[in-house]
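1. Just to be clear, the model below is a prediction. Sequence and coordinates:
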Amino acid sequence: MYEIDGNGKMDSSFIKKGAFSFSGNIIHPEFAILAFNNRRADLFLSPKPMTALFKNSQLKEPEITSSQSDSEFREIEKSLLKINKRWQTVLDTLDVVSKRSLTSFQELRDWVLLPYFEECREAYLDFFARHRQSFVTAYYLSQNAIEMNQGVFPIDSLQAYYDRFAAPIKNSWYGKKISEELIRRRIAVPGTAAFDFTRADKNGQKLSLSSFRGKYVLLDFWGSWCVPCRKGNPHLKELYSRYKDKGFDIIGIAKDDHTKDAWLKAIRTDGLPWHHVLCDSLDVMYNITSYPTKILLDTKGTIIGRFGEEEAGLDKLLISIFN
């Protein structure tokens, strides 16, 4: 299986006397997966004839010829494999914990795996620095810039990588994904107008953001399942109590569209006295990639702050407004 313009392409081949072949056309190097007997090998196809030698049916450590991109791909994969081997026991333990308790898994992951994520980040950055004109670099950036925390690849850094790419890489599927991500990250940032919306609140009554004009409004993107969100609720209640009579309000926007009972229970359990609606695509409108995310609007509905799990930034801005 491989991708062309974001669409997965499937093909198959018979093995005859230990050999097989595929044929087709691609414009630029493409990530691909070769599968056999529930085993898989990841590789990078090149738009020219290639050969691959597998020593056994495990599909491990293939010898690929005539593909510079695959050689680069092997390089970064080898670095990541070394990191994973060092961390395998911890990763396996966390996998067991996640199956037993998602809450316990989130609590452990957020601090136990910080050094692991940092090692992976350093491996990526080292590879990107040495392969600035590589389709493999574009592939990993297109994947990780979206899936990993934005702190790993902030918008300025991602833009710099993209700007250095030659035209063929920018015009590739991976380059286009990076370009789309750069556009997406400029959505709902400080200085832009908040998107108006109308949703049913927890009591089934219509709630419109535009009706809050004249107040400073905090949009709190959270979820009943989100451990950091729930841990931050006591502090959020303090802020609400402190500023609600000074023109401050909160709208909780929960990513619990399919778990409404858990949403309502979390509101009751945590004693959250402000307005509440379900997400219902608002996470896309406001470019929410991690939870919690808090977006502060001024009295005219303009975004003036965007915050994650940390509390100090929001506290400081509210003090400057109300005190």
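-> Done, it's in. Numbering: from 1, shown residues only.
2. From here on, just use CA atoms for contacts and neighbour counts.
-> Noted.
3. Outline the domain layout of this protein.
-> Under the assignment automatic domain parsing, the domains of the chain span 2-67, 70-184, 198-322.
4. would TSV of those domains with mean neighbour count be doable?
-> Output for the domains of the chain, formatted as TSV (neighbours: other C-alpha atoms under 10 Å):
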stretch	mean neighbour count
domain 2-67	13
domain 70-184	16
domain 198-322	17
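5. how about a markdown table for these, with distance to G191 and mean pLDDT added?
-> Compiled in a markdown table, the domains of the chain are given as follows (distance: least, C-alpha to C-alpha, whole Å; pLDDT from 0 to 100):
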| stretch | distance to G191 | mean pLDDT |
| --- | --- | --- |
| domain 2-67 | 33 | 81 |
| domain 70-184 | 15 | 87 |
| domain 198-322 | 6 | 96 |
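6. Now distance to P190 too, for those, in CSV please.
-> Rendered in CSV, the data for those read as follows (distance: least, C-alpha to C-alpha, whole Å):
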stretch, distance to P190
domain 2-67, 31
domain 70-184, 14
domain 198-322, 5
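7. For this protein, which segments count as strands?
-> According to DSSP state E, the chain carries its strands in the segments 2-4, 7-9, 30-36, 39-45, 51-53, 63-65, 198-200, 206-208, 216-222, 248-254, 275-278, 293-297, 303-307.
8. closest one to N171 among those strands?
-> Proximity to N171, assessed across those by C-alpha to C-alpha, is greatest for strand 2-4 (12.2 Å).
9. between the longest helix along the chain and strand 30-36, what angle do the directions make?
-> Longest helix in the chain, counting residues (DSSP state H): helix 68-100. On the basis of axes from the mean of the first three to the mean of the last three C-alpha atoms, to 10 degrees, helix 68-100 is oriented at 60 degrees to strand 30-36.
10. for helix 68-100, packing partners?
-> When contacts are defined as 3 or more C-alpha pairs under 8 Å, 6 or more residues apart in numbering; DSSP states H and E, helix 68-100 packs onto strand 39-45, helix 102-112, helix 114-130, helix 135-147.
11. Select, out of those, the one closest to N25.
-> If you check each of the helices and strands packed on helix 68-100 against N25 by C-alpha to C-alpha, strand 39-45 wins as the nearest, at 10.2 Å.
12. Residues in contact with that closest one: which ones?
-> When contacts are taken as C-alpha atoms under 8 Å, 6 or more residues apart in numbering, the neighbours of strand 39-45 outside the stretch itself are 29-35, 57-60, 62, 67, 69-70, 73.
13. Counting neighbours, what do you get for P190?
-> The number of residues packed near P190 is 16, by other C-alpha atoms under 10 Å.
14. Touching, it and D298? I think so.
-> No. Counting by C-alpha atoms under 8 Å, P190 stays clear of D298, with 10.4 Å between them.
15. Next, show the common contact partners of these two.
-> Shared contacts of P190 and D298, defined by C-alpha under 8 Å, 6+ apart, are found at I304.
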